[in-house]
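Student: Need coordinates for the following:
(one chain, ligands or ions: 1)
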Amino acid sequence: MKLTHSLRAASILLLVPIATGAVAQGGKPSAAAAVVKTGNGMGTITAIDAKGGTVTIKHGPIPTIGWPAMTMTFRAFPPALLKGLRSGQRVAFTARVKGMAAEVTAISPH
Ligand SMILES: [Cu+2]
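Tutor: All right, here's what the predicted structure looks like:
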């Protein structure tokens with residue numbers, strides 16, 4: 001099965017466990033929003049916007065973030081990470097998810 005979602009859809013999915021955890025722990029929503037998860041993934045670039053600083057990757061599962069395999073768009077942080085990369089390339093990358101934002105903080109051909 002192929003799962004595809006937009007960044008916005010990913011954010012909505014991620015908000016559910018974060019909000020549930022906040023209630024269970026009696027924490028404040030503002031504290032829950034600061035939860036940061038990181039994970040390493042492998043995948044193939046399906047689209048890249050170097051000027052806009054975004055990259056779309058069809059990636060495999062990333063257990064540390066709780067993601068199944070999917071295709072999604074990340075913001076590159078910093079955007080210069082995308083220099084020299086192109087669509088169709090197989091890459092290894094590090095993803096960081098903080099609240100509503102999914103960023104790639106490292107990416108290299110693999
Ligand atoms: Cu994903």
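Student: which residues of the chain fall in helices?
Tutor: Across the chain, reading from the start of the chain, the helices by DSSP state H fall at 7-25, 29-32.
Student: give me the beta-bridge partners of the one residue in the chain that gets nearest to the ion?
Tutor: Nearest residue of the chain to the ion (CB to the ion) works out as residue 72 at 3.9 Å. The way it works is simple: take the backbone N, C-alpha and C, and place the C-beta from them, glycine included. Beta-bridge partners recorded for residue 72 (DSSP bridges): residue 57.
Student: Residue 98 too?
Tutor: Beta-bridge partners for residue 98, by DSSP bridges, are residue 36, residue 101.
Student: okay, now it: neighbour count?
Tutor: Residue 98: 14 surrounding residues under other CB atoms under 10 Å.
Student: repeat for the one 4 residues further on
Tutor: In terms of burial, residue 102 registers 20 neighbours under the definition other CB under 10 Å.
Student: thinking it is in contact with residue 93, fair?
Tutor: No: with contacts counted by CB atoms under 8 Å, residue 102 stays clear of residue 93, the gap being 11.2 Å.
Student: And residue 81, how far from residue 106?
Tutor: In this view, residue 81 and residue 106 are 7 Å apart by CB to CB, to the nearest Å.
Student: who touches residue 60 in this structure?
Tutor: Residues in contact with residue 60 (CB atoms under 8 Å, 6 or more residues apart in numbering) are 41-43, 69.
Student: what do you get if the cut-off is 10 Å, keeping everything else the same?
Tutor: 41-44, 67-70 (CB atoms under 10 Å, 6 or more residues apart in numbering).
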